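Enquirer: When you get a sec, could you give me coordinates for this:
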Amino acid sequence: MATSATTLVRPARAGDPPSISAIQARAWRMAYGNLLPEATLEALTPEALLPAWRRAVTEPPSTKHAVLVAVADDIVVGFAAVGPSEDRDATEADGQLAVLAVDPLHLRNGHASRLMSAVVDHLRNHGLTALSVWVPEGDLARGAFFTSAGMLPDGARRSYAGANDADVAEVRLSADIAADGV
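Expert: Here you go, the predicted structure:
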């Protein structure tokens, strides 16, 4: 795990889900406010997200699943959820980053990069050799971040109904994370 005097990434603990839920609500409202329907945004509250994060942290489906948190001065400022890929074309060696979010108040401090490094370490430690993430086509900042981390579009696409029933297209970015990968 990445560490310094005031920042680190560690596995989430039982007391972290309220912070994770609050960060996800703030970060997703900022990042996806123009993509998600208003009803979805209104339902995206820390209280609504909390039960799922409690389960993810305290009852992960397998040891390959993890919720990792970025901490600065003992405050959770970001998180990532990772596990085996659930994509139809995935192999047993494929991992997937379900979500990576940093509190909007703590952006540009290296937390996302530290979380990415910890995600790769976790997957490698559990025998996975590939990593993928789905990114909305219009999310240039997220796409640029993952591309800078060595992930590239692999040709897979999917879509869902977004704001005003508009289709939101997502592209999958992937990387080989075997010992000499990302």
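Enquirer: SS state for residue 35?
Expert: Three-state assignment for residue 35 (DSSP: H, G, I helix; E, B strand; the rest coil): coil.
Enquirer: any idea of the pLDDT on it?
Expert: Residue 35 carries a pLDDT value of 73.
Enquirer: Could you pull out the buried residues of stretch 21-34?
Expert: 21, 22, 23, 24, 25, 26, 27, 28, 31, 32 (16 or more other Cβ atoms under 10 Å). The C-beta positions use only the backbone N, C-alpha and C, and glycine is treated the same way.
Enquirer: who touches that stretch?
Expert: 36, 41, 44-47, 49-50, 53, 76-79, 99, 101-104, 136, 139, 141-142, 163 (Cβ atoms under 8 Å, 6 or more residues apart in numbering).
Enquirer: change it to 7 Å
Expert: Contacts with stretch 21-34, where a contact means Cβ atoms under 7 Å, 6 or more residues apart in numbering, come from 41, 44-46, 49-50, 53, 78-79, 101-104, 139, 163.
Enquirer: In this structure, where is pLDDT below threshold?
Expert: 1-5, 161-166, 180-182 (pLDDT under 70).
Enquirer: so where do the strands sit in it?
Expert: Per DSSP state E, the chain carries strands over the ranges 7-11, 66-72, 75-84, 94-102, 130-136, 152-161, 167-176.
Enquirer: I'd like the distance between the closest residue to residue 64 other than its chain neighbours and residue 45.
Expert: Leaving out its chain neighbours, the residue that sits closest to residue 64 by Cβ to Cβ, 6 or more residues apart in numbering is residue 126, at 4.6 Å. Going from residue 126 to residue 45 by Cβ to Cβ, to the nearest Å gives 32 Å.
Enquirer: who has more neighbours, the two?
Expert: Set residue 126 next to residue 45 and count neighbours by other Cβ atoms under 10 Å: residue 126 wins out with 16 against 13.
Enquirer: sorry, back to before: could the strands of the chain go into a markdown table alongside distance to residue 113 and mean neighbour count?
Expert: Below are the strands of the chain laid out as a markdown table (distance: least, Cβ to Cβ, whole Å; neighbours: other Cβ atoms under 10 Å):
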| stretch | distance to residue 113 | mean neighbour count |
| --- | --- | --- |
| strand 7-11 | 10 | 17 |
| strand 66-72 | 10 | 23 |
| strand 75-84 | 10 | 23 |
| strand 94-102 | 10 | 21 |
| strand 130-136 | 14 | 22 |
| strand 152-161 | 18 | 12 |
| strand 167-176 | 14 | 17 |
